[in-house]
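K.L.:
generate coordinates for the sequence data below:
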Amino acid sequence: MNIKELLSTGKTIRGDQKLPLAQIIVRMGKVFWDICRRERNASKDAPIHNDEELKKELGNIIFSTIRRCDDLWYDPEECIQTAIDCQQKFQK
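P.N.:
This is a model prediction of the structure:
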């Protein structure tokens with residue numbers, strides 16, 4: 001799938017409501033925390049420490065961030081290109 005298809009799929013799943021930045025931060029923080037829990041490796045979380053769960057959370061970051069760019073009226077493709085340009089510049 002390309003970025004536009006992913007955005008369309010996200011809107012099909014979640015509807016057209018755009019979230020404000022505060023709600024985006026909360027939702028992204030939750031996913032990031034789930035990944036942090038994996039690294040923390042507490043025994044109570046052992047049942048969900050598997051590759052499938054980690055892949056799901058990484059996918060959530062990618063898939064949801066595309067939608068969140070759109071929520072803030074940014075073009076996800078432009079955001080991705082900006083990130084690529086910055087990372088290339090940083091590497092030099």
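K.L.:
now the helices for this structure?
P.N.:
3-14, 21-40, 51-71, 76-91 (DSSP state H).
K.L.:
out of those, which is the most enclosed?
P.N.:
helix 51-71 (a mean of 15; mean count of other C-beta atoms under 10 Å). Backbone N, C-alpha and C define where each C-beta goes, glycine included.
K.L.:
that one: how far from the chain's middle?
P.N.:
Taking C-alpha atoms, centre = their mean, to the nearest Å, one finds the center of helix 51-71 at 3 Å from the center of the full chain.
K.L.:
who touches it?
P.N.:
With contact meaning C-beta atoms under 8 Å, 6 or more residues apart in numbering, helix 51-71 is reached by 3, 6-7, 10-11, 14, 18-20, 24, 27-28, 31-32, 34-35, 38, 75-76, 79.
K.L.:
once you drop chain neighbours, what's closest to Ile24?
P.N.:
Sequence neighbours aside, Arg68 is the residue nearest to Ile24 in space, at 4.8 Å (criterion: C-beta to C-beta, 6 or more residues apart in numbering).
K.L.:
tell me how far that neighbour lies from Ile25.
P.N.:
9 Å (C-beta to C-beta, to the nearest Å).
K.L.:
repeat for Asn50
P.N.:
In this view, Asn50 and Ile25 are 27 Å apart by C-beta to C-beta.
K.L.:
could you do Ser64 as well?
P.N.:
According to C-beta to C-beta, Ser64 and Ile25 sit 12 Å apart.
K.L.:
report all helices and strands that the helix or strand of the chain with the lowest mean pLDDT contacts.
P.N.:
Least confident helix or strand of the chain, by mean pLDDT, DSSP states H and E, is helix 21-40 with a mean of 93. Judged by 3 or more C-beta pairs under 8 Å, 6 or more residues apart in numbering; DSSP states H and E, helix 21-40 is in contact with helix 51-71.
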